[in-house]
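Trainee: I'd like to go over a predicted model; first the sequence, then the structure.
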Amino acid sequence: MSSVIDTTRTQALKARTHATHEQLDQRIMANQPFANRENYSRFLEAQYRFLRDADALYDNPELAALFPDLAERRRYHSIAADLADLGRPLPQLQDAPISETLDVATAMGWLYVVEGSKLGAAILYKLAGKLGLDERCGARHLAGHPDGRARHWRAFTAVLDGLRLDESAEARVSAGAAAAFACMNGHLDQVYA
């Protein structure tokens, strides 16, 4: 007797983006962002660029209707404060690649990557602590949610997994996630060029 194992949307996204995600993590750590504050500042700049690009997601009215706590999930302002703590100017950037009018399925793919990065931030937050940085200075954007990272992530994935989407929308969710990973890689290219 064989059984069919259904996977959730987030499990499927994780499987589809695993290689890209792993490569990105390795690339970030290869630049030793926690070796000293200078290296950390460069990492912060790449993160700032990415979170600035993704910030319009938090103004998307369709996403806000699906995720009632969307506004409180925003980290753009906290990373700007982190850069200020380290005496770094905010990077001068071109127009963001996405806007608040991005179709909701593609936006969900982007949001999956942005929100998922908070889970990995638990390790990064501990490493930032070795540089004397924390949720009050220099590592605000890495700090966990007061309710806990896992609980906050589960609340997000419960909504994402519970939505009914057609095949075209599912493809756009995947494309959005791939675009978000590509965007972060592009920012690493700029910062570490």
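Mentor: All right, it came through fine. Numbers count the residues shown, from 1 in each chain.

Trainee: contacting residues for the residue most central in space within the chain?
Mentor: In the chain, the centroid-proximal residue (C-alpha atoms, centre = their mean) is V114; its distance is 2.0 Å. For V114, the contact set (C-beta atoms under 8 Å, 6 or more residues apart in numbering) comprises F50, L51, A54, L57, A180. Quick note: C-beta positions are derived from backbone N, CA and C, even for glycine.

Trainee: want to try a markdown table for those, with distance to L133 and neighbour count as columns?
Mentor: Formatted as a markdown table, the contacts of V114 follow (distance: C-beta to C-beta, whole Å; neighbours: other C-beta atoms under 10 Å):
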| residue | distance to L133 | neighbour count |
| --- | --- | --- |
| F50 | 19 | 23 |
| L51 | 17 | 22 |
| A54 | 22 | 25 |
| L57 | 26 | 26 |
| A180 | 25 | 27 |
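
Trainee: which one of these is nearest D189?
Mentor: Set against D189, the nearest of those by C-beta to C-beta is F50 (12.1 Å).

Trainee: nearest to R149 among the contacts of V114?
Mentor: L51 (16.8 Å).

Trainee: what about K126, helix or strand, and which?
Mentor: According to DSSP states H and E, K126 maps onto helix 104-129.

Trainee: what's in contact with the next helix or strand after that helix?
Mentor: Counting by DSSP H and E, the element after helix 104-129 in chain order, helix or strand, is helix 149-162. Outside helix 149-162, the residues that touch it by C-beta under 8 Å, 6+ apart are 8-10, 66-67, 69, 73, 108, 111-112, 115-116, 118-119, 121-122, 144-145.

Trainee: can you do 7 Å?
Mentor: Applying C-beta atoms under 7 Å, 6 or more residues apart in numbering, the contact partners of helix 149-162 are T8, R9, T10, L66, F67, M108, Y112, E115, K118, L119, A122, H145.

Trainee: CA atoms only: put it into CSV for me.
Mentor: C-alpha atoms of helix 149-162 as CSV (Å, rounded to 0.1, in the frame of the first residue of the first chain):
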residue,chain,number,x,y,z
ARG,A,149,10.6,33.7,15.6
ALA,A,150,9.1,30.2,15.1
ARG,A,151,5.6,31.3,16.2
HIS,A,152,5.7,34.4,14.0
TRP,A,153,6.8,32.3,11.0
ARG,A,154,4.1,29.7,11.6
ALA,A,155,1.5,32.4,11.7
PHE,A,156,2.7,33.7,8.3
THR,A,157,3.0,30.2,6.7
ALA,A,158,-0.5,29.2,8.0
VAL,A,159,-2.0,32.0,5.9
LEU,A,160,0.3,31.4,2.9
ASP,A,161,-0.4,27.7,2.9
GLY,A,162,-4.1,28.1,3.4
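
Trainee: after that helix, next one along is what?
Mentor: Following helix 149-162 toward the C-terminus (DSSP H and E): helix 167-191.

Trainee: and that following helix, what's buried?
Mentor: In terms of neighbour count (16 or more other C-beta atoms under 10 Å), helix 167-191 has its buried residues at 169-170, 172-174, 176-181, 183-185, 187-188, 191.
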